[in-house]
Each structure stands twice: as structure tokens, then as C-alpha cells.
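1. Task: produce atomic coordinates for the following.
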Amino acid sequence: QLVESGGGLVERGGSLRLSCAASGFSLDDYAIGWFRQAPGKERERVSCISHTGSKIHDADSVKGRFTIYRDNAKNTGYLQMNRVRPEDAGVYYCAAGDCDHDLYDYWGQGTQVTVSS
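-> A predicted model of the protein is given here:
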């Protein structure tokens, strides 16, 4: 399973780091994707990192502000969120699978990010 943590309330312009811990399987066999869903909106992929960490794709909306990375030794992925904006608010999910084909085998339960302005 995947378990996200690190969500919470953050001020506009502030920073937050989300974690995605895997258990029961080896995360380094999978790419990791981070997704978010705001109320009334469709889920969107924010960022994705290959299983080796050599390839990263960020959505235009977060480029230069969010950084995805992973620590395979800890079986954990991360999303560092900087210069957070009100439109970044939502439930953030991590998933393990194939970024290139946008197919995922495991999903976390989500963690809420709220942005105060």
C-alpha cells in the first residue's frame, strides 16, 4: 500500500513537503506520480518521476515551484511544494506505476493541502 503524509495548512507563498511511503512492495520497481484534485475539478497529474529518478515530468502549473524526488532506500517518494498558491489546494494522491502510459498499480488514500491567502 501507499500512504501519503505531510499535508496540512500552508500560507500562500509557503512550503510543504509531502511524503509517499510504500509498504508491501518495492517502490523502486515503479515510477511515482503525484496527483491532486480540487473540489469540483478533475484529478490532474502534478508530477511524475521514473523508477530510477532519471526522468521527471512536471505539469506546467507547478514547474519551477514543485520538486518530485524519491529515496528508494527508504521506499518513499516526495513532493516538495514551494511558493504555494491558492490554486494548489486540494487532495494530493501518490501512485506507483508507469508514468509514460499513465497507468498505476497502487494508489494512496490522499492527503489534504489547504492554502491560506
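2. distance between stretch 62-69 and the chain's centre?
-> Centroid separation between stretch 62-69 and its chain, computed with CA atoms, centre = their mean, to the nearest Å, is 10 Å.
3. Quick one: mean pLDDT for it?
-> Per-residue pLDDT over stretch 62-69 has a mean of 97.
4. One more: stretch 82-92?
-> On average, stretch 82-92 scores 97.
5. Return the set of buried residues in that stretch.
-> 84, 88-92 (16 or more other CB atoms under 10 Å). Any C-beta I mention is one placed from the backbone N, CA and C, and that applies to glycine too.
6. again with stretch 61-81
-> Residues of stretch 61-81 classed as buried by neighbour count (16+ other CB under 10 Å): 62, 66-68, 70, 75-79, 81.
7. mind listing which of the buried residues of stretch 82-92 are in strands?
-> 90-92 (DSSP state E).
8. Quick one: those residues as JSON lines, columns for distance to R43 too.
-> Converted to JSON lines, those look like this (distance: CB to CB, whole Å):
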{"residue": "G90", "distance to R43": "9"}
{"residue": "V91", "distance to R43": "9"}
{"residue": "Y92", "distance to R43": "10"}
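9. Span of stretch 67-82 from start to end?
-> For stretch 67-82, the first and last residues are 8 Å from each other (CA to CA, to the nearest Å).
10. circling back: now, among the ones in strands among the buried residues of stretch 82-92, which is nearest to S23?
-> Set against S23, the nearest of those by CB to CB is Y92 (18.7 Å).
11. wouldn't that closest one be in contact with T111 here?
-> Yes. Y92 lies in contact with T111 (CB atoms under 8 Å); the separation is 5.4 Å.
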